[in-house]
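Student: this one's structure only:
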């Protein structure tokens, strides 16, 4: 027996607003997320290829369900411009009508 679906928020970062909007449109159109929040002008500091890198990025908050989260993660990986994309999974509490609406959209 599968556990009941629960809310998931996936986080990822993209290099610019155009890439972020393209990813957001695609994942919502594919019904793998009901809503994506786009946070532009984020500054990231990370270690890559033996050095500390500082870059502007755009963060996405992808709101989905555990029922489709594995597919959503695969979708993000397949369409992501980075060779090693950040995909962070947060198990969330969503209350009332918003969670009902989200489940109704993603299935």
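Tutor: Alright, I've got the coordinates. This is a predicted model, so every value here is computed, not measured.
Student: And the helices in this structure, which stretches?
Tutor: For the chain, helices defined by DSSP state H occupy the ranges 17-29, 69-79, 96-106.
Student: so can I have JSON lines of those showing distance to residue 60 and mean pLDDT?
Tutor: C-betas here are computed from N, CA, C, even on glycine. Listed next are the helices of the chain as JSON lines, based on distance: least, Cβ to Cβ, whole Å; pLDDT from 0 to 100:
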{"stretch": "helix 17-29", "distance to residue 60": "6", "mean pLDDT": "98"}
{"stretch": "helix 69-79", "distance to residue 60": "8", "mean pLDDT": "98"}
{"stretch": "helix 96-106", "distance to residue 60": "16", "mean pLDDT": "96"}
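Student: closest one to residue 58 among these?
Tutor: In this view, the helices of the chain are compared for proximity to residue 58 by Cβ to Cβ, and helix 17-29 is the closest at 4.0 Å.
Student: which of the residues in that closest one are buried?
Tutor: Along helix 17-29, these residues count as buried under the neighbour rule (16 or more other Cβ atoms under 10 Å): 19-21, 23-24, 26-28.
Student: between these, which is closest to residue 64?
Tutor: residue 27 (8.3 Å).
Student: pLDDT score for the nearest residue to the closest one once chain neighbours are set aside?
Tutor: Of all residues beyond its chain neighbours, the one nearest residue 27 is residue 33 (4.7 Å), with distances taken as Cβ to Cβ, 6 or more residues apart in numbering. At residue 33, the predicted lDDT confidence score is 99.
Student: With distance to residue 86 added, can I get the helices of the chain in CSV?
Tutor: What follows is these, written out as CSV (distance: least, Cβ to Cβ, whole Å):
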stretch, distance to residue 86
helix 17-29, 13
helix 69-79, 10
helix 96-106, 22
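Student: Please identify which of those is closest to residue 11.
Tutor: helix 69-79 (10.0 Å).
Student: follow-up on the earlier one: could you dump the buried residues of helix 17-29 to a markdown table with distance to residue 40?
Tutor: Listed next are these as a markdown table, based on distance: Cβ to Cβ, whole Å:
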| residue | distance to residue 40 |
| --- | --- |
| 19 | 11 |
| 20 | 7 |
| 21 | 10 |
| 23 | 13 |
| 24 | 12 |
| 26 | 18 |
| 27 | 17 |
| 28 | 18 |
